[in-house]
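Participant: The sequence isn't on hand, but the structure is:
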C-alpha cells in the first residue's frame, strides 16, 4: 500500500514539474524553412558570402525566398539566417551546393564541404557544382522554363547520359575524391546565360582547390578511363584532300553502347610506363562523307581513323594533366597496385609525372543510323 502511495505521489510531482516549465513545441512542417540550394562566394580569406534559397509551398504557383549573410562557417551562417526568416531554418532538405569560381580557386571548398559532411542533418544526395561568376547570381536569377530554382538546380545536376562527361559528385563523393591518394576531384562547371543554366565544362581540382577546367569531350574520355561503361555520344570531323586537290570534310557521330578500359603499369618505378587499353562498341548514328561504307575496305579505313583520333585526343589530354600535376582519371592507381612500400600522394604524383603512356584503342561498330 505504501509503495502504491509513493508511486502515485511521484507521478503527481513529475506532472507538476512539467507544468512549471515554459511551453516549447517542435515546429510543424509548415513552420519550417527548408533550404534547397546553398551558394558560397568569395569575400576574403575569413568571410564568405552565403546565399540560400527556400521554396515556399503554394497551391497556385511555386515561389522562392532568398536569404543572404556573411559568415566564416556554415554553422555561423545558420545562426545569422535564423534571425531573418519568419520560419525555422533547416538543412534537412538541402539538395544543391554552389560555389563561385573565385572562392573555389582562392580558398578551396574543402572546409565548407567537411563542415556540411559532419552535419547529421544534411542528407547524402546533395550535389555540388562550380559556377562561373557568383553563386548568388545563379540563385537570385530568373529562368525561362523553371521559375523555382530549387527544383531546377536539383533536376539539372541529376546524372543523365547526355551530361555524363562530369562526375556528378555528392558531398560524400567529393570527400572520397578529395582524400584519395590516387586521384583528383572534378565537378560540373555551370554558366548562366540568356535565362538558362548550362553545364558547359568540367571543373578540375587539386585536392580541394580549383585549378582549371576541361572540355566536355575530354570529360567523356576521363569517364571512360574511370571505368564508366556507357559514355555519351561523340562527334568526329576528318579533313581529307581529294585527288582533285580540294579539301573534303567527313563527319561521324558515334554512340557508345559499351566501353571497357584496362589501365596497368609495367611495375618499373624508375621508368614507369602506363598501358591503357580502351575498347568501345557502339552505333554509327550519323555519317556525312564520300566513303561508301558498304565496301569493306572503306569501312575499315573509317574505323581506323576513329581509333587513331580517340588515341590521339586521349594522349594529348593525359600529357596535359600530367604537366599540371593532376589526375582526374585515377591513372596513379595502376602504379600503386605494383608499388612496394608506404604509398603517399606525394609518391604517386612523383611517379605519375615521369610516367610514359601507351594507348591502344579498338572500335567495334555494331550498327548504323543515318548515313549520307
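Facilitator: Thanks, I have the structure now. Just so it is clear, the model here is predicted, and its values are computed rather than measured.

Participant: From now on I want contacts and neighbour counts done on CA atoms only, so please keep to that.
Facilitator: Will do.

Participant: where's residue 366, which helix or strand?
Facilitator: Assessed by DSSP states H and E, residue 366 sits inside strand 356-371.

Participant: Let me fix that, I meant to ask about residue 297.
Facilitator: helix 296-324.

Participant: Mind giving me the packing neighbours of that helix?
Facilitator: helix 216-225, helix 345-353, strand 356-371 (3 or more Cα pairs under 8 Å, 6 or more residues apart in numbering; DSSP states H and E).

Participant: which one of those lies closest to residue 160?
Facilitator: Judged by Cα to Cα, the one of the helices and strands packed on helix 296-324 that comes nearest to residue 160 is helix 216-225, at 12.8 Å.

Participant: now the angle between helix 296-324 and that closest one, please.
Facilitator: Here helix 216-225 runs at an angle of 90 degrees relative to helix 296-324 (axes from the mean of the first three to the mean of the last three Cα atoms, to 10 degrees).

Participant: Next secondary structure element downstream of helix 216-225?
Facilitator: strand 234-241.

Participant: Now do the buried residues in the lengthiest strand in the chain.
Facilitator: In the chain, ranked by residue count with DSSP state E as the criterion, the top strand is strand 247-265. Of all the residues in strand 247-265, those buried under the rule 16 or more other Cα atoms under 10 Å are 252-257, 259-261, 263-265.

Participant: now that strand, how far from the centre of its chain.
Facilitator: Centroid separation for strand 247-265 versus its chain: 23 Å, with Cα atoms, centre = their mean, to the nearest Å.

Participant: and what of stretch 63-71?
Facilitator: 24 Å.

Participant: List the buried residues for that stretch?
Facilitator: 64, 66-71.

Participant: Show me the residues you listed that map onto strands.
Facilitator: 64, 66-71.

Participant: hang on, residue 328 in a strand?
Facilitator: No - assignment of residue 328 by DSSP: H, G, I helix; E, B strand; the rest coil gives coil, placing it outside any strand.

Participant: count of neighbours near it?
Facilitator: Neighbourhood size, residue 328 [other Cα atoms under 10 Å]: 23.

Participant: Not counting sequence-adjacent ones, nearest residue to it?
Facilitator: residue 184 (4.7 Å; Cα to Cα, 6 or more residues apart in numbering).

Participant: circling back to that earlier point, so which elements touch the strand holding residue 366?
Facilitator: strand 273-288, helix 296-324.

Participant: Residue 169 is nearest to which of those?
Facilitator: Once the helices and strands packed on strand 356-371 are compared by Cα to Cα, helix 296-324 is nearest, at 20.2 Å.
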